[in-house]
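> Here is my input, please return the structure:
(one chain, ligands or ions: 2)
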Amino acid sequence: MATPSEPVGIDVVIPAFNEEASLPLVLGDIPRPPVRRIVVVDNNSTDRTAAVADSGGATVVFEQRPGYGSACLAGLDHLRHHDPPGIVVFLDADYSDHPDELSRIVAPILENRADLVIGSRALGEHEPGALLPQARAGNLVACLLIRLLYGHRYTDLGPFRAVRWQALEKLKMSDPDFGWTAEMQVKALRRGLRVTEVAVSYRRRIGVSKITGTVRGTLMAGYKILWTVLRYSWGGR
Ligand SMILES: Nc1nc2c(ncn2[C@@H]2O[C@H](COP(=O)(O)OP(=O)(O)OP(=O)(O)O)[C@@H](O)[C@H]2O)c(=O)[nH]1
Ligand SMILES: [Mg+2]
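Ligands and ions are numbered 1, 2, ... in the order given. Reported below is the predicted structural model:
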């Protein structure tokens, strides 16, 4: 899929909702270079998320429509209209991921061995309590279902990931909330992208959980992820 003329600039998209405490740490640990630009998508935060993103050297994009996927879509839309990168990396704002492991995530793409690289927390070291039991169970079930329906073995639906820009554009991502990570992974299989995983570390978040740490978030995410895996298996859009 890669051609030697493809650009190699690496940009990072960070969806953020009320993450003023963790965001400065995340931004401080992102290696620049190789990262060229960081886009923080502020989704109606009521704290100083936008201000700390700005002072941390990120471009701030605002998205009114709530949801993790909506924020990611807004970040991609910004990149599309402002000198798109060769590779886009997604990272959470809560400091659970280790941004200093970014070179691990992009290496398979830079070496032209992959188009999509998932940072797998299941393969990496995780601090006790970082991956909540419901997150582990949900990932396990989703990965099992993907294996059954698509014949590919993922070990995680982790948020820390890298994807070749041109490949991502072909996926026509659309999920506005919890199905975002699963959508990318199953569409990549459907479209024949080269996918791989690398082990990443994971620690307990800073600040208040928006998804897995809440009952509503867990139920909604579980339902949406399984539905997403199912619908694309029969060719739905
Ligand atoms: N822009 C935006 N970001 C969101 C929204 N919901 C969550 N996020 C961000 O998405 C990332 C993941 O949310 P988390 O609350 O960490 O969800 P989680 O990782 O499943 O749960 P924890 O295990 O508690 O960390 C964080 O960077 C949040 O700030 C949203 O509606 N809009
Ligand atoms: Mg988190």
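> for the chain, what spans make up the strands?
In the chain, strands defined by DSSP state E lie at 10-16, 35-42, 59-62, 87-90, 116-120, 161-164, 195-199, listed in chain order.
> and the fifth one, anywhere near ligand 1?
No. Strand 116-120 does not reach ligand 1 (CB under 6 Å from any ligand atom); its nearest approach is 12.7 Å. Just so you know, the C-beta spots here come from the backbone N, C-alpha and C atoms, and that holds for glycine as well.
> Point out the other helices and strands that that strand packs with.
In terms of contacts (3 or more CB pairs under 8 Å, 6 or more residues apart in numbering; DSSP states H and E), strand 116-120 is packed against helix 102-110, strand 161-164, helix 180-190, strand 195-199.
> rewinding a little: want to try TSV for the strands of the chain, with distance to residue 52 as columns?
Supplementary listing: the strands of the chain in TSV, determined by distance: least, CB to CB, whole Å:
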stretch	distance to residue 52
strand 10-16	9
strand 35-42	9
strand 59-62	10
strand 87-90	19
strand 116-120	24
strand 161-164	23
strand 195-199	29
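> Which of the ones you listed sits closest to ligand 2?
Using CB to the ion as the criterion, the shortest distance between ligand 2 and the strands of the chain is 10.5 Å, found for strand 10-16.
> between that closest one and helix 102-110, how many degrees?
With axes from the mean of the first three to the mean of the last three CA atoms, to 10 degrees applied, the angle from strand 10-16 to helix 102-110 works out at 130 degrees.
> Could you list the low-confidence segments of this protein?
The model of the chain has pLDDT under 70 over residues 1-7, 235-237.
> what does it have sitting close to ligand 1?
Counting by CB under 6 Å from any ligand atom, the chain comes close to ligand 1 at 15-17, 19, 41, 43, 66-68, 71, 92-94, 96, 132, 135, 205, 209-213.
> Weed out the non-buried ones from these.
Buried residues within the residues of the chain next to ligand 1, defined by neighbour count using 16 or more other CB atoms under 10 Å: 15-17, 19, 41, 43, 67-68, 71, 92-94, 96, 132, 135, 205, 210-212.
> Show only the entries of those residues found in helices.
Cross-referencing these against helices under DSSP state H gives 68, 71, 135.
> May I see the residues you listed organised as JSON lines, with distance to residue 169 added?
What follows is these, written out as JSON lines (distance: CB to CB, whole Å):
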{"residue": "68", "distance to residue 169": "20"}
{"residue": "71", "distance to residue 169": "18"}
{"residue": "135", "distance to residue 169": "29"}
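> For residue 155, state which of the residues you listed is nearest.
Distances from these to residue 155 were compared by CB to CB; the smallest belongs to residue 135, at 13.1 Å.
> check contacts around the closest one.
Shown in contact with residue 135 (CB atoms under 8 Å, 6 or more residues apart in numbering): 212, 218.
> That concludes my questions; thank you for your assistance.
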